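*Asks:* Mind folding the following:
(chains A and B)
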Amino acid sequence: MNANLTPYDFWRKFKSTSMSVLAALCVLVAVIPLVMIFSYTLVQGIGSLNLNFFINMPKPVGEAGGGMANALVGTGILLAIGALFGLPVGILAGIYLAEYGQNRFAGVVRFMADVLSGVPSIVVGVVAYILVVLPMKHFSALAGGVALAILMIPTVTRTTEEMIRLVPHSYREAGLALGLPQWKTTVRIILPAALKGITTGVLLAIARAAGETAPLLFTALGNRFWSTAIGQPIASLTVFIYDYAKAPFEDWNRQAWAAGFVLIALIFVLSLIFRFVTRSRYAER
Amino acid sequence: MPNDDALSISIRTTMDHSAPLPGAQVALRPGAGLQNKMSATDLNAFFGKTHALTNVSLEVPANRVLAIIGPSGCGKSTFLRCLNRMHEVAGGTLTGSVTLDGEEVLTYDPVVLRRRVGMVFQKANPFPTMSIFDNVAAGLRLNGVHDRHRLRETVERCLRQAALWDEVKDSLDKSGISISGGQQQRLCIARTLAVDPEVVLMDEPASALDPISTAKIEELIYSLKANYTIVIVTHNMQQAARVSDFTAFFYLGELIEVGETKKMFTTPEKKQTEDYITGRFG
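*Replies:* Numbering: from 1, shown residues only, chains lettered A, B, ... in the order given. This next block holds a predicted model:
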């Protein structure tokens, strides 16, 4: 410590240091649950985590081993369907709100998106049930995908809008002053500049959808057998976990833990891939 | 381009003023005797309830540099933006008449108009996701030109015109925002020139730059007027005196006086102009 410090200087330094320590502690508190969940599911499920778990089908009750290959593929298909319907709608709606959204209609859309993001996912499941399952008269991957799409839309819409708004207005002006039509300015200049943020939003939406169980219970239903048909019921990791975790068999419970770990790891890997693909060609400013 | 800018500018400034321009006596019609590229008549501009410009009539002579000076909020930038309808981007409207080659700008498709009347902004704004090359090529490429040879040629020509080529020719693949602020601004000028405009509007293009970069930009402006008509808004009166052939003084949304730069800075007709130029207000 410098001897020239007055008591007031010392008090200020003390406050500054305390706040830094406090902030660091808060970071730690925020990270601890993540680490705990990750390690606990790993510890609980490690006994079932092996190659067979990934490539085998579930075995009948009583038989040892078995895997969740169908659930893994099923989750992939459900997310793909959800993304196929949800992302274009969400991203285009976000672009509309950011670029043309100064009117009453846009205000309504924005409000609806906020309300939709707060709707319990099981209610969204009921909606998909009415929209898709009832007309088709049976459960299907399509119905599950639609439910997930509805859940993705508000997140994607709002983050896309926010990220586009963050792009400095001067880029928009530069594009327009070059004689580019507004849509071209948006697509070729604004969107690339906002890509990173939009990707984060898309990822959040997909991650949230990947973890949904409730809306899949009576749309995609689940399937003990191999199926990739979108018109048929399909297995998913979350429903697999739901079934196996409440089953009275220790072996199944362990597999549920393992599936939980796989689901977390999947989202983790997905984020890494997304970040790599959309990384800027140039270092950040 | 030489690096000892201060020197070259002082020489050039003298040359500038020693070359009298025709028709320089008429105060409100600076371009009398010269061909007018653009012209505003009874121009009024509004942003919502704000009346930003009041009855401005001003002519922009072809292949000359017209400087617009005046205190902040006097409508300089608004006037500039009305010339290529960029005021609409900020939600403004105008009444009266603005013409380009005798035709009302309001009858143009803004996209076509802005290709002919380009703009350089106060803050350098290269596209952050594009390389130096792509930044200059952007205007052409996004308008459908994909001929590689032509793109390369245009990029080199415009970077040379913007006095930037020698500094970036080995790093055309680097990000447009990896270079210095002054270089970025010259990059933006090159980008504007690439779409081959006839008029170049500059909104305080050097106000965020250090003196050396400023000098380069000024030199550039001077060299560009052979091929382009230039309107420059500036807060810096020395700059106006150095680069422009004509100067217009705006105050509170009105055009107070316009004339040959030399005359404006030595014997202005209006008291307000003199007060502003000598630094008594504003």
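*Asks:* Now for the most centrally placed residue in chain A: which residues touch it?
*Replies:* For chain A, the residue nearest the mean C-alpha position is A:Ala207 (2.1 Å; CA atoms, centre = their mean). A:Ala207 makes contact with A:267, A:270-271, according to CB atoms under 8 Å, 6 or more residues apart in numbering or on different chains. Heads up, the C-betas are built off the backbone N, CA and C, glycines and all.
*Asks:* so where is the chain shaky, pLDDT-wise?
*Replies:* With no chain named, the answer covers chain A. Applying pLDDT under 70 to chain A flags residues A:1-3, A:280-285.
*Asks:* um, chain B though
*Replies:* In chain B, residues with pLDDT under 70: B:1-33, B:281-282.
*Asks:* Please enumerate the strands of it.
*Replies:* Assignment of strands within chain B using DSSP state E yields the ranges B:36-47, B:50-61, B:65-69, B:92-100, B:103-104, B:117-120, B:199-203, B:229-233, B:246-251, B:254-260.
*Asks:* Export those strands to CSV and append columns for mean neighbour count and distance to A:Ser236.
*Replies:* CSV is the format used below for these (neighbours: other CB atoms under 10 Å in any protein chain shown; distance: least, CB to CB, whole Å):
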stretch, mean neighbour count, distance to A:Ser236
strand B:36-47, 19, 54
strand B:50-61, 20, 57
strand B:65-69, 28, 65
strand B:92-100, 18, 54
strand B:103-104, 10, 62
strand B:117-120, 26, 54
strand B:199-203, 25, 56
strand B:229-233, 26, 61
strand B:246-251, 27, 67
strand B:254-260, 21, 70
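*Asks:* about what we covered before: I'd like the distance between the residue nearest to the centre of chain A and A:Ile153.
*Replies:* Applying CB to CB, to the nearest Å, the value for A:Ala207 to A:Ile153 is 15 Å.
*Asks:* looking at this, A:Ala113 is in a helix?
*Replies:* Yes - counting by DSSP: H, G, I helix; E, B strand; the rest coil, one finds A:Ala113 located in a helix.
*Asks:* That one contacts A:Ala93, doesn't it?
*Replies:* Yes - in terms of CB atoms under 8 Å, A:Ala113 counts as a neighbour of A:Ala93; the distance is 7.2 Å.
*Asks:* who's more crowded, those two?
*Replies:* A:Ala93 (23 against 20; other CB atoms under 10 Å in any protein chain shown).
*Asks:* Verify the contact between the more buried one and A:Thr157 for me.
*Replies:* Yes - proximity of A:Ala93 to A:Thr157 meets the contact threshold set by CB under 8 Å, at 4.4 Å.
*Asks:* Between those two, which contacts overlap?
*Replies:* A:109, A:113.
*Asks:* hang on, the earlier thing: so which bits of the helix or strand hosting the residue nearest to the centre of chain A are buried?
*Replies:* Assessed by DSSP states H and E, A:Ala207 sits inside helix A:191-210. Buried residues in helix A:191-210, defined by neighbour count with 16 or more other CB atoms under 10 Å in any protein chain shown: A:191-210.
*Asks:* try stretch B:64-84
*Replies:* Applying 16+ other CB under 10 Å to stretch B:64-84 flags B:64-70, B:74-84 as buried.
*Asks:* Now do that stretch: distance from first to last residue.
*Replies:* 18 Å (CA to CA, to the nearest Å).
*Asks:* just stretch A:45-61 next, same as before
*Replies:* Stretch A:45-61: ends 18 Å apart by CA to CA.
*Asks:* so how far is it off the chain centroid?
*Replies:* 25 Å (CA atoms, centre = their mean, to the nearest Å).
*Asks:* Could you do stretch A:112-127 as well?
*Replies:* Using CA atoms, centre = their mean, the offset of stretch A:112-127 from its chain centre is 15 Å.
*Asks:* where do the helices sit along the stretch 101-250 of chain A?
*Replies:* A:104-118, A:121-128, A:134-136, A:141-166, A:169-177, A:182-184, A:191-210, A:214-217, A:237-245, A:250-277 (DSSP state H, counting those that start in this stretch).
*Asks:* Mind giving me the packing neighbours of the helix or strand hosting A:Gly45?
*Replies:* Using DSSP H and E, A:Gly45 sits in helix A:7-45. Packing partners of helix A:7-45 (3 or more CB pairs under 8 Å, 6 or more residues apart in numbering or on different chains; DSSP states H and E): helix A:250-277.
*Asks:* Could you check the helix it packs on and say which residues are buried?
*Replies:* A:251-264, A:266-267, A:271, A:274.
*Asks:* ok, back up a step: check the buried residues of stretch B:64-84 against chain A, which are close?
*Replies:* B:Asn84 (CB under 8 Å from any CB of the partner chain).
*Asks:* The stretch 101-250 of chain A against chain B: which residues are in contact?
*Replies:* Counting by CB under 8 Å from any CB, the residues of the stretch 101-250 of chain A near chain B are A:168, A:170-181, A:184, A:188-189, A:192-193, A:195.
*Asks:* Can you flag the buried ones in these?
*Replies:* Counted by 16+ other CB under 10 Å, those give A:171-180, A:184, A:188-189, A:192-193, A:195 as buried.
*Asks:* Closest to A:Leu148 out of these?
*Replies:* Nearest to A:Leu148 among these: A:Leu195, at 22.9 Å, using CB to CB.
*Asks:* need the contact list for the closest residue to the closest one other than its chain neighbours.
*Replies:* Counting by CB to CB, 6 or more residues apart in numbering or on different chains, A:Leu195 lies nearest to A:Thr278, which is 5.4 Å off, once chain neighbours are set aside. Neighbouring residues of A:Thr278 by CB under 8 Å, 6+ apart: A:195-196, A:199.
*Asks:* can you list those residues in JSON lines and add distance to B:Leu187?
*Replies:* JSON lines is the format used below for the contacts of A:Thr278 (distance: CB to CB, whole Å):
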{"residue": "A:Leu195", "distance to B:Leu187": "22"}
{"residue": "A:Lys196", "distance to B:Leu187": "23"}
{"residue": "A:Thr199", "distance to B:Leu187": "27"}
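*Asks:* coming back round to it: and the helix holding A:Gly45, which residues are buried?
*Replies:* Buried-residue list, helix A:7-45, by 16+ other CB under 10 Å: A:41-42, A:44-45.
*Asks:* Could you list the residues of the stretch 101-250 of chain B in contact with chain A?
*Replies:* Of all the residues in the stretch 101-250 of chain B, those lying near chain A are B:110-116, B:118-119, B:121, B:123, B:125-129, B:131, B:138-139, B:142-143, B:174-175, B:177-178, B:188, B:191-192, B:195, going by CB under 8 Å from any CB.
*Asks:* For ChimeraX, write the selection for the buried entries among those.
*Replies:* Filtering those down to the buried ones (16+ other CB under 10 Å) takes a single ChimeraX command:
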select /B:110,111,113,114,115,116,118,119,121,125,126,127,128,129,131,138,139,142,175,177,178,188,191,192,195
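*Asks:* still on that earlier bit, who touches both of A:Ala113 and A:Ala93?
*Replies:* By CB under 8 Å, 6+ apart, the residues touching both A:Ala113 and A:Ala93 are A:153, A:157.
*Asks:* ok, back up a step: ok, which of the helices of the stretch 101-250 of chain A comes nearest B:Asn227?
*Replies:* helix A:169-177 (18.6 Å).
*Asks:* Contacts for that closest one, please.
*Replies:* By CB under 8 Å, 6+ apart, helix A:169-177 touches A:182, A:184-185, A:188-190, A:193, B:84, B:86, B:89, B:110, B:114, B:118-119, B:121, B:123, B:125-128, B:142, B:188, B:191-192.
*Asks:* That one to strand B:199-203, inter-axis angle?
*Replies:* In terms of direction (axes from the mean of the first three to the mean of the last three CA atoms, to 10 degrees), helix A:169-177 departs from strand B:199-203 by 170 degrees.
*Asks:* In PDB, list the C-alpha atoms belonging to helix A:169-177.
*Replies:* The C-alpha coordinates for helix A:169-177 follow below in PDB (Å, rounded to 0.1, in the frame of the first residue of the first chain):
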ATOM      1  CA  HIS A 169     -27.200   2.700 -38.100                       C
ATOM      2  CA  SER A 170     -24.200   4.000 -40.000                       C
ATOM      3  CA  TYR A 171     -23.800   0.600 -41.800                       C
ATOM      4  CA  ARG A 172     -27.400   0.800 -43.000                       C
ATOM      5  CA  GLU A 173     -26.900   4.400 -44.200                       C
ATOM      6  CA  ALA A 174     -23.700   3.400 -46.000                       C
ATOM      7  CA  GLY A 175     -25.500   0.600 -47.800                       C
ATOM      8  CA  LEU A 176     -28.400   2.900 -48.800                       C
ATOM      9  CA  ALA A 177     -26.000   5.700 -49.900                       C
END
